[in-house]
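Student: based on what follows, work out the 3D shape:
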Amino acid sequence: HFYFGFDEIEIWLNNIEDNSIEVCQSLHEKLEGFSYVNADSFLEECVNENKNFQVEAYNFILKKELERDLITHILYLDLDEFWTPKDFSSTIKDIIILAPEADTRSFSWYFDSPLYDKLPFEKTYQKSLVIYKNNHVKSLVKISDKVRRVNIHNHSVDQGKNLLADGNVFDITESYQHNGALLREDCFEKNKNDVDIAFIYHNIFRSQLEYISSLLRGRKHANDTRVFKVNRIGYVIDPDSRSFKSSGELFFNIDSDKLNSYYKGYVSFLDEKQLLCELNIAQAFIIKRFNKVKAIISEDKTYRGNSIFRGIEFKFFRNINSSLKYCIDKVSITQKEVSIEGWSFLLNYHKPLNIKLLLKDSKRSKHLIDVSFDFVERINRPDVLNAYNLENPLQCGFNIRFSCNYEYLENKVSIYDFDENSNTITFLLKILP
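Tutor: Okay, the predicted model is just below:
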């Protein structure tokens, strides 16, 4: 955010278990314009008084900045939100200057894409990104006595002039907009296939490992004591979700020279501020927290039915049922047909498992195609039974074939899910671009 023209950054921390305080203290000592607040006591006070910590913190900051009288605008963001200019070079000041009279300037959320092949800790920005416009906004507010109250997504300003990123008036008169948290439905539908001049890139997914790990952060700041962070709809984009209404796929392409300049500055920043070691420690913590989620799910399988786990590949919870054994021996792909040979069984279950196969479009993360088999053969596999010292099920082997009209398929089948109620094992085969 310093790169895109913000003059000051203040981070509020609460319920910290990783090395965030150490990182912030190091930055505070070395970086002009950076500060942080350990807000545990503020959070505890809000919880005791049944107040929303986030809203109370935002208004506390506004009051402080009114008294300090050194800055003109504030943008309140979560740490997985990135203010992003479409041209990847404009600054926040460039946008403000386009309409300096605006009291609020609202930027749409654009979600990152829940792609199964994302690696943990990939760079936030890539040369080409698949993103999804959402109907929520986050709003910049001009500091003045006219501001009655700031909220999570938008703000209340006496006789305020509320504009969108492109400078058009933001009509927030409809009750379903929750005081300007949401775009009007007609406005969203009209512009949902466009990438705005500037937007909030909301990285709620990242890799599956990071997404799963993030669920254990909880929402104590919202007075929610449940184990998992429940304001997520799963590792999926759901265009029909009423609370997270989103567009179809949009492609955001970044000029190579601008992207290289950005990351050259980022790497230099990490090096100059001696943060590379701390970054490794932080990433190790995320992996450790991911394993904690696996342990919780393993102990109480009912959690798996929660919508926050929708779309998660089975391999991330494979240790839930160690009785499941399987192997794909051979995948043959021709222009007209796909053949898959392998075996699967469940210890102490003496019947062949049901088999299901999904095709996954690598460009469309939410698009899974249920395959209808043209041929299914159950095969005796004494070699497998001997290896596991078993007598049953004798027909644990299988050979499945189906017609295929796709030009390119990955010559690799992975496990996607196992339904213990129906004893169905589901495999995944990817369609290549």
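Student: now for N191, how many residues are close by?
Tutor: Neighbour count of N191, defined by other C-beta atoms under 10 Å: 17. Yep, even glycine has a C-beta here, placed from its N, CA and C like the rest.
Student: can you list the low-confidence ranges for the stretch 301-433 of the chain?
Tutor: 314-322, 362-367, 392-393, 407, 433 (pLDDT under 70).
Student: what is the neighbour count of the nearest residue to L98 once chain neighbours are set aside?
Tutor: Closest residue to L98 apart from its sequence neighbours, by C-beta to C-beta, 6 or more residues apart in numbering: G167 at 5.7 Å. G167 has 12 neighbours, counted by other C-beta under 10 Å.
Student: what distance do you get for G167 to E101?
Tutor: As judged by C-beta to C-beta, to the nearest Å, G167 and E101 stand 11 Å apart.
Student: and V267, by the same measure?
Tutor: On the measure of C-beta to C-beta, V267 and E101 end up 39 Å apart.
Student: which one's more surrounded, those two?
Tutor: Legend: neighbour count by other C-beta under 10 Å for V267 and E101, higher for V267 (11 against 7).
Student: the more buried one in helix, strand or coil?
Tutor: State at V267, reduced to three classes by DSSP: H, G, I helix; E, B strand; the rest coil: helix.
Student: can you tell me the element D94 falls in?
Tutor: According to DSSP states H and E, D94 maps onto helix 92-98.
Student: packing partners of the helix or strand just after that helix?
Tutor: The helix or strand immediately downstream of helix 92-98 is strand 104-111, counting by DSSP H and E. Applying 3 or more C-beta pairs under 8 Å, 6 or more residues apart in numbering; DSSP states H and E, one finds that strand 104-111 contacts strand 81-85, strand 128-142, strand 162-164, strand 198-202.
Student: 10 Å instead?
Tutor: Secondary-structure packing of strand 104-111 (3 or more C-beta pairs under 10 Å, 6 or more residues apart in numbering; DSSP states H and E): strand 73-75, strand 81-85, helix 92-98, strand 128-142, strand 155-157, strand 162-164, helix 185-191, strand 198-202.
Student: next one: the last one to chain centre, how far?
Tutor: It refers to strand 198-202. Here strand 198-202 is found 13 Å from its chain centre; the criterion is C-alpha atoms, centre = their mean, to the nearest Å.
Student: elements contacting that strand?
Tutor: strand 81-85, helix 92-98, strand 104-111, strand 128-142.
Student: neighbouring strands - and their directions - for that strand?
Tutor: Strand pairing for strand 198-202, determined by DSSP bridges: strand 81-85 (antiparallel), strand 104-111 (parallel).
Student: what's the closest of these to S26?
Tutor: For these, proximity to S26 was assessed by C-beta to C-beta; strand 81-85 is nearest, at 21.4 Å.
Student: name the residues that touch that closest one?
Tutor: Applying C-beta atoms under 10 Å, 6 or more residues apart in numbering, the contact partners of strand 81-85 are 1, 4-6, 75, 77, 90-92, 94-95, 107, 109-110, 112, 124-125, 129, 131, 138, 140, 165, 195-204, 252, 254, 258.
Student: I'd like the average pLDDT over that strand.
Tutor: On average, the pLDDT along strand 81-85 is 98.
Student: just the CA trace of it, in PDB.
Tutor: C-alpha atoms of strand 81-85 as PDB (Å, rounded to 0.1, in the frame of the first residue of the first chain):
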ATOM      1  CA  GLU A  81      -7.600  -6.900   1.300                       C
ATOM      2  CA  PHE A  82      -5.400  -5.000  -1.200                       C
ATOM      3  CA  TRP A  83      -6.300  -1.700  -2.700                       C
ATOM      4  CA  THR A  84      -5.400  -2.200  -6.400                       C
ATOM      5  CA  PRO A  85      -5.400   0.200  -9.400                       C
END
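Student: okay, now the unreliable bits of the stretch 151-300 of the chain?
Tutor: Within the stretch 151-300 of the chain, the set of residues satisfying pLDDT under 70 comprises 218-225, 239-244.
Student: the same query, at a cut-off of 80, please.
Tutor: Across the stretch 151-300 of the chain, residues meeting the criterion (pLDDT under 80) sit at 217-227, 229-231, 233, 238-245, 298-300.
Student: all helices of it, in order?
Tutor: For the stretch 151-300 of the chain, applying DSSP state H, counting those that start in this stretch gives helices covering 185-191, 208-214, 256-272, 276-299.
Student: distance of the residue nearest to L98 from I96?
Tutor: For G167, the distance to I96 equals 11 Å [C-beta to C-beta].
Student: shared neighbours of those two, anything?
Tutor: Common neighbours of G167 and I96 (C-beta under 10 Å, 6+ apart) are 102, 105.
Student: of the strands paired with strand 198-202, which is nearest N423?
Tutor: With C-beta to C-beta as the criterion, N423 lies closest to strand 104-111 of the strands paired with strand 198-202, at 35.2 Å.
Student: and the helices and strands packed on strand 104-111: which comes nearest V384?
Tutor: Across those, V384 has its closest neighbour in strand 128-142 (40.2 Å, C-beta to C-beta).
Student: spell out for me which residue occupies the centre of the protein.
Tutor: Ranked by distance to the mean C-alpha position of the chain (C-alpha atoms, centre = their mean), the top residue is F205 at 1.5 Å.
Student: I'd like to know how far it sits from Y110.
Tutor: 12 Å.
Student: find residues that contact each of those two.
Tutor: Looking at what touches both F205 and Y110 (by C-beta under 10 Å, 6+ apart), the common residues are Y132.
Student: report the buried members of the contacts of strand 81-85.
Tutor: With burial judged by 16 or more other C-beta atoms under 10 Å, the buried subset of these is 4, 6, 75, 77, 90, 92, 95, 107, 109-110, 112, 125, 129, 131, 138, 140, 165, 195-204, 252, 254.
Student: for stretch 202-218, list the C-alpha coordinates in CSV.
Tutor: Included here for stretch 202-218 are C-alpha records, laid out as CSV according to Å, rounded to 0.1, in the frame of the first residue of the first chain:
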residue,chain,number,x,y,z
HIS,A,202,-9.9,-9.6,-1.5
ASN,A,203,-7.7,-12.7,-1.0
ILE,A,204,-10.2,-14.9,0.9
PHE,A,205,-9.1,-18.1,-0.8
ARG,A,206,-5.4,-18.2,-1.7
SER,A,207,-4.2,-21.9,-1.7
GLN,A,208,-6.4,-24.6,-0.1
LEU,A,209,-3.8,-24.9,2.7
GLU,A,210,-3.9,-21.2,3.5
TYR,A,211,-7.7,-21.1,3.3
ILE,A,212,-8.2,-24.0,5.6
SER,A,213,-5.6,-22.6,8.1
SER,A,214,-7.4,-19.2,8.0
LEU,A,215,-10.6,-20.7,9.3
LEU,A,216,-9.1,-21.2,12.7
ARG,A,217,-8.6,-17.5,13.1
GLY,A,218,-12.2,-17.3,14.3
